[in-house]
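Chemist: how does the following fold in three dimensions:
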Amino acid sequence: MSPRQRKRRNNEARMTLVEHLLELRTRLVRATIALLITTVISIAFTSRLIKLLIKPMAGKHPVALHPTETIIIYFKVALISGLVLAMPVIIYELLMFVMPGLTPKERRIVKIVVPAASLLFLIGVLFAAFVMLPFAIKYLEGFLASTITPTYSIDKYISFVTTVMFWMGVVFETPLIIAFLAWAGVISPKQLSSGRRYAIVLIAIIAAVITPTPDPVNMTIVMVPLLLLYEIGVILAKITYRERIGKSTQLAGSEESGE
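Modeler: Numbering: from 1, shown residues only. Modelled structure (predicted):
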């Protein structure tokens, strides 16, 4: 570690609680401004998004139970769309707060992680919207259809589909989360490989929780990409864990030579 890097890390270690809170406030303000900007941009195509979200209902239209329900849903969808668009900025500000004092190499890695995390989140949202929800809505509408006529409130329906889409976006971050844990030394590729059976059970539980229907078909639709994401995470863990070992060895060697 160079003297300049040591000095930076020593200065960061002396940061007071107030300085950390001020740093957090700055990061939150930047993320909020980005969210407001993208939400305003999203208003231009919110009507199209709402039509896209109710498309799985196969021609049926949800109903509004209150006079203000439609306008509330309009801005709610715009906010959710703004959240997806602002995700690169939000992730960047979060990483820069929780990982201060990054070296130039680590900053280059962050520039790769931010678009990758944003892309994975977007893929998860699109997967839920175009693959998962059409099957789920069709199944739910057909359940007891001879006895009960499904009529949905627009508020309840949009809340349901957006919640599913959001959590699928979060779950699709699995490879990067695994890679980060390996980089931090919390887990190793060997542990990930030997614990694959337990991971499959855990993924099955997560799929059962996320899937809005109890049928095995929809659960399988969710499990398959999650298993693939886990295997991608194992590959990334091997790369980041090796870098971690190399970095630790190099640091130990420099300290011994300095002594």
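
Chemist: any stretches of the stretch 1-150 of the chain with poor pLDDT?
Modeler: Within the stretch 1-150 of the chain, the segments meeting pLDDT under 70 span 1-15, 17, 99-103, 106, 144-145.

Chemist: look up how far residue 219 lies from the residue most central in space within the chain.
Modeler: What sits nearest the mean C-alpha location of the chain, by C-alpha atoms, centre = their mean, is residue 170, with 2.9 Å. Applying C-beta to C-beta, to the nearest Å, the value for residue 170 to residue 219 is 18 Å. To be clear about C-beta, it is placed using only N, CA and C from the backbone, and glycine gets the same treatment.

Chemist: neighbours around residue 197, how many?
Modeler: If you count neighbours by other C-beta atoms under 10 Å, residue 197 ends up with 8.

Chemist: ok, now which ones touch the residue nearest to the centre of the chain?
Modeler: 121, 124 (C-beta atoms under 8 Å, 6 or more residues apart in numbering).

Chemist: what helix or strand is it on?
Modeler: helix 154-171 (DSSP states H and E).

Chemist: what comes up buried for that helix?
Modeler: 154-155, 157-158, 160-162, 164-169, 171 (16 or more other C-beta atoms under 10 Å).

Chemist: cool, stretch 59-76 as well?
Modeler: 62, 69, 73-74, 76.

Chemist: tell me the one of those nearest residue 20?
Modeler: Nearest to residue 20 among the buried residues of stretch 59-76 is residue 76, at 32.8 Å by C-beta to C-beta.

Chemist: what's residue 221 in contact with, if anything?
Modeler: Contacts of residue 221 (C-beta under 8 Å, 6+ apart): 131-132, 135, 211.

Chemist: that one and residue 177: what is the separation?
Modeler: 22 Å.

Chemist: also residue 30?
Modeler: 23 Å.

Chemist: do residue 141 as well
Modeler: From residue 141 over to residue 177 (counting by C-beta to C-beta), the distance is 34 Å.

Chemist: again with residue 79
Modeler: In terms of C-beta to C-beta, residue 79 sits 25 Å off from residue 177.

Chemist: do residue 22 as well
Modeler: Taking C-beta to C-beta, one finds residue 22 at 28 Å from residue 177.

Chemist: can you check residue 127 too?
Modeler: From residue 127 to residue 177 the distance is 17 Å (C-beta to C-beta).

Chemist: quick one, what contacts residue 89?
Modeler: So residue 89 contacts 30-31, 34 (C-beta under 8 Å, 6+ apart).

Chemist: show me where the chain has helices.
Modeler: 3-13, 17-42, 46-53, 69-85, 87-98, 104-127, 133-142, 154-171, 174-183, 189-194, 196-210, 216-258 (DSSP state H).

Chemist: for residue 148, find the nearest of these.
Modeler: That would be helix 133-142 among these, by C-beta to C-beta, at 9.9 Å.

Chemist: chain center to the closest one, what's the gap?
Modeler: Helix 133-142 sits 24 Å away from the centroid of its parent chain (C-alpha atoms, centre = their mean, to the nearest Å).

Chemist: now residue 47. Nearest residue, chain neighbours left out?
Modeler: Spatially, and ignoring its direct neighbours in sequence, residue 47 is nearest to residue 74 (7.7 Å; C-beta to C-beta, 6 or more residues apart in numbering).

Chemist: and that neighbour, what is it in contact with?
Modeler: By C-beta under 8 Å, 6+ apart, the neighbours of residue 74 are 46-47, 50.

Chemist: of those, buried ones?
Modeler: 46, 50.

Chemist: save the buried residues of stretch 59-76 as TSV, and put in distance to residue 215 too.
Modeler: TSV is the format used below for the buried residues of stretch 59-76 (distance: C-beta to C-beta, whole Å):
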residue	distance to residue 215
62	23
69	31
73	28
74	33
76	29
